[in-house]
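Peer 1: show me the folded form of this:
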Amino acid sequence: MQLTFSPALGEIVPLVVRPGKPDALQETYFKATFDSIASYEHARSHGVRVEVWTDLPVEGRVRGEWAAVPFTFHEARSEEYGQARKVLSLPSFVDDSASEGLAVYAKLPVRLGHYHDGHQFSFTYRIVHASGDIRWLGAFGQNGTLVIDHKPLPEALGITLGEGWQFQEDGVAVLKGRPTNTQEVGKLLDSRACWPMFSRTCETQSCVALVLAPRPRRHAIMPNPPLVAIATFISVFVSLMTPDSSH
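Peer 2: Numbering: from 1, shown residues only. From the prediction side, this is the model:
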């Protein structure tokens, strides 16, 4: 049984901390991919646990304490919605590649707002068999490193805004007093990124909300949230926010 991990052992990975409340939770994802369906099914049926061993500040743990977080074998689920309910499906953080059926994930909600730039956390991986035997992956000194990187909005979200924008305390950016037919909101920092776009109606000129849903990078540890641009024609302002905003 061979596993490929993301992030890999020995890798140095930035943990981008978005502005906002210091106690806000941000989700981090670790991925392990089995080399074959046979390996995947054998591990699941024989109670083999794949774990990430890390000193990340997981809820309920003493600061600096190391502990294990298991990867989860996902089961397919089907959800039913009432006919009257309209559902907008955004791209999942989970990859849609051919190897996705062989992957398991460990999700760690962490609070990083109180840590300064450059603060480092470490991680490694291990396999725990039903018998209790533990196989550590990676030799001494091969731990991966996670480095805190505070970035201002909107850079932390992967965009840059034009002139005239003002940020509110809740992280919402507002542009007022521009009574024109065309307004440039901003530019995407990464031209390689894929940002599917959804509008409220099929006619772009009549929509009041525009959603940009970034597709995840294959090796990303922290997903970027969708961006929502809202235009109010009466007061003529455009705001940019993330879905966890209170507005």
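Peer 1: surely Gln26 forms part of a strand?
Peer 2: Yes: assessed with DSSP: H, G, I helix; E, B strand; the rest coil, Gln26 lies in a strand.
Peer 1: residue contacts, it?
Peer 2: By C-beta atoms under 8 Å, 6 or more residues apart in numbering, the contact set of Gln26 is Val17, Arg18, Pro109, Val110, Arg111, Leu112, Met222. Glycine gets a C-beta too; all of them are placed from N, C-alpha and C.
Peer 1: inside strands: which ones of these?
Peer 2: If you go by DSSP state E, the contacts of Gln26 have Val17, Pro109, Val110, Arg111 in strands.
Peer 1: which of these has the most neighbours?
Peer 2: Ranked by neighbour count (other C-beta atoms under 10 Å), the ones in strands among the contacts of Gln26 have Val17 at the top, with 24 neighbours.
Peer 1: list the contacts of that residue.
Peer 2: By C-beta under 8 Å, 6+ apart, the contact set of Val17 is Gln26, Leu112, Gly113, Tyr115, Ile148, Asp149, His150, Lys151, Ala156.
Peer 1: same question for the helix or strand Val174 falls within: list its buried residues.
Peer 2: Assigned by DSSP states H and E, Val174 falls within strand 173-176. Residues of strand 173-176 classed as buried: Ala173, Leu175 (neighbour count, 16 or more other C-beta atoms under 10 Å).
Peer 1: what is that strand packed up against?
Peer 2: Judged by 3 or more C-beta pairs under 8 Å, 6 or more residues apart in numbering; DSSP states H and E, strand 173-176 is in contact with strand 166-167, strand 237-241.
Peer 1: can you flag the weakest of those strands by average pLDDT?
Peer 2: Of all the helices and strands packed on strand 173-176, strand 237-241 carries the lowest average pLDDT, namely a mean of 48.
Peer 1: so where's this protein shaky on pLDDT?
Peer 2: Along the chain, the model assigns pLDDT under 70 to residues 20-21, 75-100, 153, 157, 169-171, 177-183, 190-208, 213-220, 224-225, 231-247.
Peer 1: domain map for the protein?
Peer 2: Following automatic domain parsing, one gets these domains for the chain: 3-150, 155-241.
Peer 1: which residue comes closest to His150 once chain neighbours are left out?
Peer 2: Val17 (4.8 Å; C-beta to C-beta, 6 or more residues apart in numbering).
Peer 1: gap between the one you found and Val147?
Peer 2: Val17 sits 11 Å away from Val147, going by C-beta to C-beta, to the nearest Å.
Peer 1: same check on Gly138?
Peer 2: 18 Å.
Peer 1: same check on Gln120?
Peer 2: 5 Å.
Peer 1: about what we covered before: what's the most distant pair in the contacts of Val17?
Peer 2: Pairwise distances across the contacts of Val17 peak at 14.9 Å for Tyr115 and Ala156 (criterion: C-beta to C-beta).
Peer 1: mind listing the helices in the chain by residue range?
Peer 2: Along the chain, counting by DSSP state H, helices occupy 37-45.
Peer 1: show me what Arg126 bridges to in the sheet.
Peer 2: Glu51, Trp136 (DSSP bridges).
Peer 1: which ones are touching it?
Peer 2: Val50, Glu51, Trp53, Ala68, Ile134, Arg135, Trp136, Leu137.
Peer 1: repeat for Thr160
Peer 2: Neighbouring residues of Thr160 by C-beta under 8 Å, 6+ apart: Pro154, Gly186, Lys187, Leu189.
Peer 1: verify the stated contact: the first one with Gly186.
Peer 2: Okay, so that is Pro154. Yes: Pro154 is within contact range of Gly186, at 6.6 Å (criterion: C-beta atoms under 8 Å).
Peer 1: these two: who's more crowded?
Peer 2: When Pro154 and Gly186 are compared on other C-beta under 10 Å, the one with more neighbours turns out to be Pro154, at 22 against 17.
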